[in-house]
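K.L.:
Sequence and predicted structure are below.
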Amino acid sequence: MTRLLPLGFLLSALLATPAAATSVRSLGIRELTAGAGLVFEGRVLASEVREGRRGGLRTCLRFEVLEVVKGTPVASPLELCFAGGTRGSRTLRVEGMRLPQPGEHGIYFVAPSEEGERVHPLLGWDQGRFRVREGPEPVVTSASGDPVLALEPAAEGFATGPGGGVARGARLGAPGASGLSPAAFKARVRELLAEPAR
């Protein structure tokens, strides 16, 4: 006799497998920009782990919204919740997920709103997360810290497999190199949004 398993159990089982790390589709910078429901510059204020509506753990981050680049204005602080976390003796870990930490300053591409809880609210996971390296001359970097030199849709090429954490067409420099300022990065995103769809 076949037994049907509850949806929550199946979701937990899928999230616990290493395959979850390789299931994020590679996005081009044009697709990332066009597909985001919200793009904003902000800073992570705090993190809290709580129960999700279906019983799994969720790590909810509160962001101070500094500027909305795409989408309708949102209230600050803005809350975005990610699957997983540790609460008491319980831990739920999603393979391949790296969360922004309190104090992080960045530009975030949020996936369009949908009913239900998302595993990761940023479009393309780390592909939708650009950090700001602060200093006398702030620089936008990838989620892993490599400076973004340019956003070039012409250099997107073809997807060769799962996303590696950086949207195709985001040209990166060596760690510590100078790159786009937050103002230049946001201006380039607005230019891409204004270009006709292809």
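P.N.:
Structure received.
K.L.:
Just checking, which helix or strand of this structure averages the lowest pLDDT?
P.N.:
Of all helical and strand segments in the chain, the minimum by mean pLDDT, DSSP states H and E falls on helix 7-16, at a mean of 42.
K.L.:
and for whichever helix or strand comes after that helix, what are the contacting residues?
P.N.:
As assigned by DSSP states H and E, the chain's next helix or strand after helix 7-16 is helix 29-35. Helix 29-35 is contacted from outside by 27, 39, 70, 109, 111-112, 123-124, 127-128, 151-153, 156, 167-170, 189, 192-193, 197-198, using CB atoms under 8 Å, 6 or more residues apart in numbering. For every residue, glycine as well, the C-beta is placed using N, CA and C.
K.L.:
What residues of helix 29-35 count as buried?
P.N.:
Across helix 29-35, burial judged by 16 or more other CB atoms under 10 Å covers 29-33.
K.L.:
Contact partners for the spatially most central residue of the chain?
P.N.:
When CA atoms, centre = their mean is applied to the chain, the residue found nearest the centroid is Leu122 (3.2 Å). Leu122 makes contacts with 80, 108-111, 128-129, as judged by CB under 8 Å, 6+ apart.
K.L.:
In TSV: those residues, plus pLDDT, distance to Asp146 and secondary structure.
P.N.:
Output for the contacts of Leu122, formatted as TSV (pLDDT from 0 to 100; distance: CB to CB, whole Å; DSSP: H, G, I helix; E, B strand; the rest coil):
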residue	pLDDT	distance to Asp146	secondary structure
Leu80	94	23	strand
Tyr108	98	17	strand
Phe109	97	17	strand
Val110	96	22	strand
Ala111	93	23	coil
Gly128	95	16	helix
Arg129	97	13	strand
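K.L.:
Can I get those residues in a markdown table including neighbour count?
P.N.:
Formatted as a markdown table, the contacts of Leu122 follow (neighbours: other CB atoms under 10 Å):
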| residue | neighbour count |
| --- | --- |
| Leu80 | 21 |
| Tyr108 | 26 |
| Phe109 | 26 |
| Val110 | 21 |
| Ala111 | 18 |
| Gly128 | 25 |
| Arg129 | 24 |
